[in-house]
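> Show me how the following folds:
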Amino acid sequence: MILVTGAGGLLGRELIRQLSEAGLSSRGLDHRKPTYSATESIVGDLLRPDDCRIACHGISTVVHTAARHHHSPMPRWGREQFFDANVEMTHNLVRAAEKAGVRHFIYISTDMVYGIPPKRPLTEVDVPAPLGPYGRSKQSSERTCLIARPHGMCVTIFRPRLLIGPGRLGVLQRLFDRIRLGQAIPVLGSGLHRYQMASVSDVAAACILAVKNPLDEIFNLGSADPPPVRTLLSQLCRRANSTSKLRFLPFSIARAALWGLHAARLAPLVPEQFLAAGVDFVLDTTKAQTLLGWQPRLTDVDMLWSAYESYVATLSSGPYTAPQGFRPTAA
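Below you'll find the model as predicted:
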């Protein structure tokens, strides 16, 4: 039996669906009533050790997807304390898993543990240097998981890029609003940098591979061959039949303005988000491909398009019709 935490979230729902397709039994844990179709379902809170103990009983593998994210209802200030809950949840779950004899623990971390990347794709051996409280909470959670390795538990850690899938909005809400309304889209810098993403279906597939082949490893996950941001956004606008145009903003001036807006509590992004904007941010996924046999299937454009389709569908009573001639492209 495989425990999936955050079972009602974007990744949790997709993972449970893929586990079912693979003929694997799952137990979903979420703090809300079930909106997914696991073999078993538990409503619980990972901040309560007893709930973690109950959830881990009879489990062989834990896939820990639950976390507080930037798209969670988040305070503008006091974010350090807000994200500290990620560390406490992970600590409770790892301890409960150890006591229950769980053999394999899969932790979904984040690319934000790395901080600002160098001018090359990041590999798993790069030293983490997270910029903000979210990244720091995930790095601390990784350390909590790794403590279990000497006690006999196999620990697999995934670091995906920005997770994209139908129903995922968060920071994309403002972008999609502007595209739908034909408004100008501000881009920090020249737009020649790449901003890689990770498909929720591809990340779930990586989890399935890890369940079948437990490895004490850390893996990056992201799309193959991400295009420059100006190409990515231009293609999305074309597919959406939007009249929006890209407006390129001088990097240093835009960043200074965002710091000012942040001080006034008006910034559309938190500092760790706009500090990484305009920077070439790509993860090297060779290790996952070599050791797990994992391959990303969706391009960044198709990921964004799928999320945009879902967004538009929620605004209308009927299904959204793709522009004539549109065909998904494989990565």
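
> List the contacts of the worst-scoring helix or strand of the chain on mean pLDDT.
Counting by mean pLDDT, DSSP states H and E, the chain has its least confident helix or strand at helix 271-276, which shows a mean of 74. Applying CB atoms under 8 Å, 6 or more residues apart in numbering, the set of residues contacting helix 271-276 from outside is 70, 112, 116, 130-132, 134-135, 171, 188, 255, 258-259, 262, 267. From N, CA and C alone the C-beta is placed, and that goes for glycine too.

> and that helix, how far out from the chain's middle?
16 Å (CA atoms, centre = their mean, to the nearest Å).

> Stretch 294-314 now?
For stretch 294-314, the distance to the chain centre is 13 Å (CA atoms, centre = their mean).

> if we can go back for a sec, from the contacts of helix 271-276, which land in strands?
Within those, residues falling in strands by DSSP state E are Leu188.

> Show me which of the contacts of helix 271-276 has the smallest pLDDT value.
Looking at these by pLDDT, the weakest one is His70, with 63.

> Now do the longest helix anywhere in the chain: which elements does it pack against?
In the chain, with assignment by DSSP state H, the single longest helix is helix 79-100. Here helix 79-100 touches helix 49-56, strand 61-64, strand 104-108, helix 133-146, going by 3 or more CB pairs under 8 Å, 6 or more residues apart in numbering; DSSP states H and E.

> May I have the strands that pair with the lengthiest strand in the chain, each with its orientation?
Ranked by residue count and defined by DSSP E, the top strand of the chain is strand 154-160. In the sheet, strand 154-160 lines up against strand 104-108 (parallel), strand 218-221 (parallel) (DSSP bridges).

> so the longest helix of the chain versus strand 104-108, what angle?
Inter-element angle recorded for helix 79-100 and strand 104-108: 170 degrees (by axes from the mean of the first three to the mean of the last three CA atoms, to 10 degrees).

> what's the offset of helix 79-100 from the middle of its chain?
Distance, centroid of helix 79-100 to centroid of chain: 18 Å (CA atoms, centre = their mean).

> Could I get the buried residue list for it?
By neighbour count on 16 or more other CB atoms under 10 Å, the buried set for helix 79-100 is 79, 82-83, 86-98, 100.

> now do stretch 45-56
Leu46, Pro49, Asp51, Cys52, Arg53, Ala55, Cys56.

> now swap in stretch 242-257 and tell me
By 16+ other CB under 10 Å, the buried positions in stretch 242-257 come out as Ser242, Ser244, Phe248, Leu249, Phe251, Ala254, Arg255.

> Between the two ends of that stretch, how far is it?
27 Å (CA to CA, to the nearest Å).

> what does stretch 260-280 give?
Taking CA to CA, stretch 260-280 runs 24 Å from one end to the other.

> Same check on stretch 67-85?
8 Å.

> My read is that Gln295 contacts Gln289, right?
Yes. Under the criterion of CB atoms under 8 Å, Gln295 makes contact with Gln289 at 6.2 Å.

> follow-up on the earlier one: contacts for the longest helix of the chain next, please.
With CB under 8 Å, 6+ apart, helix 79-100 has contacts from 5, 46-49, 52-53, 55-59, 62, 64, 66-68, 74-75, 105, 107, 132-134, 136-138, 140-141, 144-145, 147-148, 151, 153, 270.

> Buried by neighbour count, from the residues you listed: which ones?
5, 46, 49, 52-53, 55-56, 59, 62, 64, 66-68, 105, 107, 132-134, 136-138, 140-141, 144-145, 148, 153, 270.

> Compute the number of surrounding residues for Asp216.
Using other CB atoms under 10 Å, Asp216 has 12 other residues around it.

> Pretty sure it sits against Gly152.
No. Using CB under 8 Å, Asp216 is not in contact with Gly152; the gap is 10.9 Å.

> Show the contacting residues for the closest residue to Arg103 other than its chain neighbours.
Spatial nearest neighbour of Arg103, chain neighbours left out: Ser60 (5.7 Å); criterion: CB to CB, 6 or more residues apart in numbering. Neighbour list for Ser60: Met1, Ile2, Val102, Arg103, His104 [criterion: CB under 8 Å, 6+ apart].
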